[in-house]
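[1] I'd like to go over a predicted model; first the sequence, then the structure.
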Amino acid sequence: MDLQQLKQGVECLLFVAAEPVSLEKLAEITGNSKNEVQAVLCQLSQEYEDRGFHLRHVAGGWQLTSDAQWAPLIEKLYRPKLQQLSAAAMETLAIVAYRQPIAKADVAAIRQVDADGVMAKLLEKRLIKEVGRRAGPGRAVLYGTTDDFLRFFGLESLDDLPKLAENPQNAGEEIRLGGDGPEQLTL
């Protein structure tokens, strides 16, 4: 496969992929080296800079994403299920994202309300998952975020979460996460 064919092939794979595709997987599928595929990814990324979509490295792979400025337009056509999360669910998700691994009881203590229903909804939507158990009596289940969480907010890793203000007076501030929509987490 010559470089032009590789470029077109990678572009097609990314276009049909429902989730980020790793460099390794792209190289395996195309039969080209990781260096050749990486060069094509960089080239495509540059070509898409002035378009309504971009090629981004997200959640350990590469994915075509829409430009954030077009989120209101896209929402008129397609409103993701995740956008329908309640304020309580978004608050709970923020707590899990920033304090993980965390037990349900700890989330409830922070929110000062029962967290069972909201946590169940986040588990159902695969935004959080069980990541282990606390040592000691009761061995409470600990929760953390998932790759679906990273994809939805357009993050490569949890290190890309916005830093929280260390000033307690800023508690309750809205944290705007990057990505392709009006997603906000509030702590």
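    Sure, I can see it.
[2] Could you use CA atoms for every contact and neighbour count after this?
    Fine.
[3] so which strand or helix has Glu11?
    helix 3-16 (DSSP states H and E).
[4] next one: Ala108
    Using DSSP H and E, Ala108 falls in helix 104-111.
[5] residues in contact with that helix?
    Applying CA atoms under 8 Å, 6 or more residues apart in numbering, the external contacts of helix 104-111 come out as Thr92, Ile95, Val96, Asp114, Ala115, Asp116, Met119, Val141, Leu142, Tyr143.
[6] Using the three-state scheme, assign the third one.
    Read that as Val96. Secondary structure state of Val96, per DSSP: H, G, I helix; E, B strand; the rest coil, is helix.
[7] Can you spell out the domain ranges of the protein, please?
    Listed domain ranges for the chain are 3-66, 81-186 (source: automatic domain parsing).
[8] Am I right that His57 is in a strand?
    Yes. Counting by three-state DSSP, His57 is found in a strand.
[9] Quickly list what it is bridged to.
    On the basis of DSSP bridges, His57 is bridged to Trp62.
[10] same check, this time on Glu130
    Tyr143.
[11] And it, what's its pLDDT?
    In this model, Glu130 is scored at 94, pLDDT.
[12] Same question for Gly52.
    On the pLDDT scale, Gly52 gets 89.
[13] Spatially, what comes nearest to it if we skip its sequence neighbours?
    Asp67 (5.3 Å; CA to CA, 6 or more residues apart in numbering).
[14] can you map out the helices along this protein?
    Ranges of helices within the chain are 3-16, 23-30, 34-47, 71-77, 87-99, 104-111, 116-124, 147-153, based on DSSP state H.
[15] Out of the contacts of helix 104-111, which end up buried?
    Among those, those classed as buried by 16 or more other CA atoms under 10 Å are Thr92, Ile95, Val96, Ala115, Met119, Val141, Leu142, Tyr143.
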